[in-house]
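K.L.:
I would like the atomic coordinates for the input below:
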Amino acid sequence: MAVELSLSKIVPFAASGRLSVASNGEVLLVWDDTTVWRSVDAEAWAPVLSFPTSQDFERSLVFWLNPTTAVALSFEGDNYLSRMSTDGGLTWGVFYSSATSYFSGPVLSSTLYASQFHAANGYVYISSSDDSVFRSSDLSAWQATNLTGTVQGVAFGNGVWLLAVDGTHYRSTDGVTFSVAYADSHEQVDG
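P.N.:
The predicted model follows:
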């Protein structure tokens, strides 16, 4: 049964401010500051992961890597923690913990913000410390793309990848080699 999303069904989290929301089509996960909640009908919610203190939303994110594997990124104390659930978001374990990054690997050796990670179609796309864009299907092995910059979003449909990087949309049929689809899709605001 696919989860139908509507604003009225996320009302329990209306007072929470910013949310990280992820759906695999069957299970909905919502991170509301100190708790990751799980629902199969978007009406009844159960807490599945809790944190002792409020999380910085620039450094926290929940997403589906594939239909059964969910990932939660958090910054706790002085450590970046990557938690993984392989049973549809019911139970969670620490996948990786570091003082410098959410994931292992030489291309990910410095501090990265969770807002630079975006997932679709079984892959997560990230911006590395040197602004190179990489992707992974298992969070261990990383494949370089031909893009550089800050990843701002990713989508997949009809055999085409769409990746937003630094205000430009790029398209690809293999998810690795991208070409410009739409330049200057938004203006950067410095404040």
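
K.L.:
remind me which residues of this protein are low pLDDT?
P.N.:
1-18, 53-59, 105-116, 184-191 (pLDDT under 70).

K.L.:
what about Phe75, distance to Trp142?
P.N.:
21 Å (C-beta to C-beta, to the nearest Å). Bear in mind the C-beta positions are built from the backbone N, C-alpha and C, glycine included.

K.L.:
Neighbour count for the two, which is higher?
P.N.:
Shown here are Phe75 and Trp142; by other C-beta atoms under 10 Å, Trp142 has more neighbours (20 against 17).

K.L.:
Surely the more buried one and Val133 touch.
P.N.:
No. Counting by C-beta atoms under 8 Å, Trp142 does not reach Val133; the two are 10.3 Å apart.

K.L.:
what do these two both touch?
P.N.:
By C-beta atoms under 8 Å, 6 or more residues apart in numbering, Trp142 and Val133 have these common neighbours: Ile126.

K.L.:
which stretches of the chain form helices?
P.N.:
In the chain, no helices are defined using DSSP state H.

K.L.:
Buried residues, stretch 142-150. List them.
P.N.:
Across stretch 142-150, burial judged by 16 or more other C-beta atoms under 10 Å covers 142, 145, 147, 149.

K.L.:
and that stretch, how far from the chain's centre?
P.N.:
Centroid separation between stretch 142-150 and its chain, computed with C-alpha atoms, centre = their mean, to the nearest Å, is 16 Å.

K.L.:
again with stretch 87-107
P.N.:
12 Å.

K.L.:
Tell me which residues of that stretch come out buried.
P.N.:
Those would be 88-89, 92, 95-96, 101-103, 105, for stretch 87-107 by 16+ other C-beta under 10 Å.

K.L.:
re the thing from before, reformat the buried residues of stretch 142-150 as CSV; add distance to Phe63.
P.N.:
Output for the buried residues of stretch 142-150, formatted as CSV (distance: C-beta to C-beta, whole Å):
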residue, distance to Phe63
Trp142, 16
Thr145, 18
Leu147, 19
Gly149, 20
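
K.L.:
Can you tell me which of the buried residues of stretch 87-107 is closest to Leu29?
P.N.:
Closest approach to Leu29 among these (C-beta to C-beta): Gly89, at 5.3 Å.

K.L.:
What count of nearby residues applies to the closest residue to Arg171 other than its chain neighbours?
P.N.:
Closest residue to Arg171 apart from its sequence neighbours, by C-beta to C-beta, 6 or more residues apart in numbering: Ala181 at 4.1 Å. Residues lying near Ala181 (other C-beta under 10 Å) number 15.
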